[in-house]
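>>> Build me a structure from this.
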Amino acid sequence: MAQTGVDVVSIDHTIPLHEARQRLDEAGFGHVTLQGNMSPSTLRDGPEGQIVEQTTCLMKSAIKELREMGPSCRRYIMNLGHGIDKDTPESHAALFVKTVRAFGLRDNSP
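Got it, this is the predicted structure:
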């Protein structure tokens with residue numbers, strides 16, 4: 001996919017962030033930004049505590065990876081791994097967004 005010249009590659013929840021990053025790096029596409037990785041079923045089904053826990057875990061993982069890369073740091077876009085399910089409660093989607101936004105306001109030491 002990266003060979004198409006895209007700037008961002010979306011990954012689903014079955015591929016760990018570090019593995020996706022490694023695959024892109026090894027193929028010579030280290031400049032490509034990663035997006036995704038949150039399970040759409042977790043967002044749909046909850047419970048709310050699990051949504052916050054998984055979102056926080058993914059954000060910490062992404063920040064740790066970005067810090068380890070140092071000056072060659074690439075961006076990460078927090079998103080669902082495969083779109084939002086039509087049956088996802090609005091309150092779950094709002095909690096996801098709130099959790100991501102609040103994450104940037106804390107000390108995010110991995």
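
>>> how about the strands of this structure, start to end?
For the chain, the strands defined by DSSP state E occupy 8-11, 33-38, 76-80.

>>> Give the pairing partners of the shortest one; include direction for each.
If you go by DSSP bridges, strand 8-11 pairs up with strand 33-38 (parallel).

>>> The nearest residue to Ser39 once chain neighbours are set aside and Gly5, how far apart?
Using CB to CB, 6 or more residues apart in numbering and skipping the chain neighbours, the partner closest in space to Ser39 is His13 (3.9 Å). Bear in mind the C-beta positions are built from the backbone N, C-alpha and C, glycine included. For His13, the distance to Gly5 equals 26 Å [CB to CB, to the nearest Å].

>>> The two: who's more crowded?
Neighbours per residue (other CB atoms under 10 Å) separate His13 from Gly5, with His13 holding more: 18 against 7.
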